[in-house]
Each structure stands twice: as C-alpha cells, then as structure tokens.
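Asks: give the three-dimensional model of this entry:
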Amino acid sequence: KNLVKIFFIPYYLLIFLFALIAVVATSCGSNKDYVRDLKLTTEYEGKDFGTDGIGEVTLFETVDGDTAWFNSGNKQIKIRFTSVDTPESTGQVEPYGKAASDFTANILTTAKKLVLESHDGKPATLDSTGTRYLGFVWYSIDGTSDFRNLNLELVQNGYSTSKVTEGSKYQDEFNGAATY
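Replies: Coordinates of the predicted model:
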C-alpha cells in the first residue's frame, strides 16, 4: 500500500510538470501575423511616388534583398527599402544574402501590383548616398487581394533585421515582427 502511494506521488507530479511546460510553451512567442494585419490605407491611385510620396510603379530590376529599380511614370528610380537591412548578396556576399535576395525577387517579379510609399509620407527624397530613394514596398500578388508590406515581411520572415527608428511609420509593427 505504501509502495502504491510512493509511485502515485511522482506520477501526479510528473503530469503536473508536463501540463505546466505545455502552458508556458504555448504562451511564449507570438502568433500575430504583422504582415497580414498591416493595411495600406493611403490612397495611391493617380499619384506619383516622387511628388506625392506614394504611387503605383512597375518593377524594372531587382538588385538584392533590400534594393530594387522601379519604373515610376517616365523614369526609373532606385529604391532602398526603409527600416530593413538584409545580408549582402552582391559584392561581398554575406550568409543568407542570396536567400533574402531570392525572396525579394520572387515577390517582386510575381506581384501583379506594386506601390511605393515614402518613409515619411512626404514627397520622395534621396538618401545619404544621393542615388537611392527610401521607401516602403507594397505588393498585391494577384492585383485584387490586400497589399502586403514587403519591408515588414522581410523582417517577419527573418531575412532582415529591423532598422526602424523611433517615431517611424509602422514602428510598432516592425518592432513586433522583429520578435515574431
């Protein structure tokens, strides 16, 4: 009889510990999909990225995971995706740089609609290099579905670190996606 009691106490303790571990494990981490939940709410139709800070564009050429050339009106513009920094895939190639570049290229070449949005909502300005504009890249894969923010998707999927700065547009989403 005492032997049965000795056996059951560790048995119930073991069940309790497994239940506790299961509760803790499921409460850790986030199931929030920041990319799905973020919506493009600024009107872009009939607007120009250069003068209005937002506008529909077409892809001219991908460069790497966080840079691409787009056709905007009658000119080609180079965009450095704001709030992200993917590993390098050109020049001195870094680990996972090619994967980030391929991810970006796949999305941009298959998207049916692309919209560029300036990082501050104002008319586009050149970055510190004087050769690229900073911007958010929004895409619709079929032209009718909700737009997705490619910059945020790079962070959420682990292809980029978040480089969002305090007070930036979509700061909360980028900070959340960085811990996704």
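Asks: let me see the ranges of the helices in this protein.
Replies: Taking DSSP state H, the helices of the chain run over residues 2-27, 34-37, 49-52, 97-110, 150-156, 171-178.
Asks: now do the contacts for the closest residue to residue 81 other than its chain neighbours.
Replies: Residue nearest to residue 81 in three dimensions, not counting chain neighbours: residue 66, with 4.3 Å by C-beta to C-beta, 6 or more residues apart in numbering. Just so you know, the C-beta spots here come from the backbone N, C-alpha and C atoms, and that holds for glycine as well. Applying C-beta atoms under 8 Å, 6 or more residues apart in numbering to residue 66 gives the contacts 80, 81, 84, 85, 86, 100, 104, 151, 154, 160.
Asks: quick one: residue 125 and residue 133 touch, right?
Replies: Yes - in this structure residue 125 lies within contact range of residue 133 using C-beta atoms under 8 Å: 7.0 Å.
Asks: between these two, which is the more surrounded one?
Replies: Ranked by neighbour count (other C-beta atoms under 10 Å), residue 125 and residue 133 place residue 133 first, with 21 against 12.
Asks: who's in contact with that one?
Replies: Listed by C-beta under 8 Å, 6+ apart, the contact partners of residue 133 are 49, 50, 77, 78, 79, 80, 116, 118, 124, 125, 126, 127.
Asks: quick check: bridge partners of the residue nearest to the first one when sequence neighbours are not counted?
Replies: Nearest-residue entry for residue 49: residue 55, 3.9 Å, with adjacent residues in sequence omitted and distances by C-beta to C-beta, 6+ apart. Taking DSSP bridges, one obtains residue 116 as the residues bridged to residue 55.
Asks: sketch out the low-pLDDT regions of this structure for me.
Replies: 1-30 (pLDDT under 70).
Asks: gap between residue 148 and residue 127?
Replies: According to C-beta to C-beta, to the nearest Å, residue 148 stands 23 Å off from residue 127.
Asks: of those two, who's got more company?
Replies: residue 148 (20 against 15).
Asks: next one: the more buried one from residue 115, what distance?
Replies: 11 Å.
Asks: and for these two, which residues touch both?
Replies: 138, 139.
Asks: pull the number of nearby residues for the nearest residue to residue 73 once chain neighbours are set aside.
Replies: In space, residue 73 comes closest to residue 48 once its chain neighbours are excluded; the distance is 5.8 Å by C-beta to C-beta, 6+ apart. Neighbour count for residue 48, taken as other C-beta under 10 Å: 17.
Asks: ok, residue 48 - contacts?
Replies: 55, 72, 73.
Asks: quick check: the last one touching residue 50?
Replies: Yes - counting by C-beta under 8 Å, a contact exists between residue 73 and residue 50, whose distance comes to 7.3 Å.
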